[in-house]
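Q: sequence below, structure please.
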Amino acid sequence: MVSTKVKVQIFKKAIAPILKTLFSIMKLKLDVDTLNDNFFEETRILGIIAPIKNYQLCWQMNNLLGFQFRLNADLEVHLRKKNRNYYFSIFESLEPNSCLIHYIYHNQFDGEYLLPEFKHMDFIWLMKGDIVDDEKCNWIKQAVKTINGIQLVTELTNEQVKNKGNMIF
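A: Below you'll find the predicted structure:
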């Protein structure tokens, strides 16, 4: 009679090559570019130059333009660069009766940038969840320009954003 220990050893020897082959076949590769493209599908992005505090910008947008921006600490972007941690706050405003959500990212934290290709931008505004037509986007840009402290509002294309992965939460 064969002992249990011997049976286990025989089983391991028989199964090990099969498992090794299966795992080599099943290796999955995460396609980051596809994930980025899916996240940014049907979005609009604005860059804002405004040397004011993030909460002041959102307060003015809420009071003057009717948004409801609130800090969402759960969405905060955490990056680790040069053996240091950087935290980029995100303010969120849901649009009533719509799937559209507005996100305002603070682009700078302690000398580091969320989107280094846009170091001159203080804030990045992402509109996601529903289609924003040109008329609405232009209205938003013009309305934001009326806020005290705003120096520039410009639309950014998805192609211009090189570090899209930094914006994904």
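Q: now the closest residue to Tyr103 other than its chain neighbours: which helix or strand?
A: Excluding the flanking residues, the one nearest Tyr103 by Cβ to Cβ, 6 or more residues apart in numbering is Leu126, at 4.4 Å. For the C-beta atoms, the positions are set from N, CA and C on the backbone; glycine is no exception. Using DSSP states H and E, Leu126 sits in strand 123-128.
Q: what's that strand packed up against?
A: Judged by 3 or more Cβ pairs under 8 Å, 6 or more residues apart in numbering; DSSP states H and E, strand 123-128 is in contact with strand 44-49, strand 101-106, helix 134-145.
Q: CA atoms only for that strand, dumped as CSV, please.
A: Only the C-alpha atoms of strand 123-128 are listed here, as CSV (Å, rounded to 0.1, in the frame of the first residue of the first chain):
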residue,chain,number,x,y,z
PHE,A,123,-5.8,73.5,-11.8
ILE,A,124,-7.1,70.9,-14.2
TRP,A,125,-10.8,70.6,-14.7
LEU,A,126,-12.1,67.2,-16.0
MET,A,127,-15.7,66.8,-17.2
LYS,A,128,-16.6,63.2,-17.3
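Q: that one vs strand 44-49, what angle?
A: Interaxial angle, strand 123-128 versus strand 44-49 (axes from the mean of the first three to the mean of the last three Cα atoms, to 10 degrees): 170 degrees.
Q: now render the helices and strands packed on strand 123-128 as a markdown table, adding mean neighbour count, mean pLDDT and distance to Tyr87.
A: Below are the helices and strands packed on strand 123-128 laid out as a markdown table (neighbours: other Cβ atoms under 10 Å; pLDDT from 0 to 100; distance: least, Cβ to Cβ, whole Å):
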| stretch | mean neighbour count | mean pLDDT | distance to Tyr87 |
| --- | --- | --- | --- |
| strand 44-49 | 21 | 98 | 19 |
| strand 101-106 | 21 | 98 | 9 |
| helix 134-145 | 14 | 96 | 24 |
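Q: good, wrapping up.
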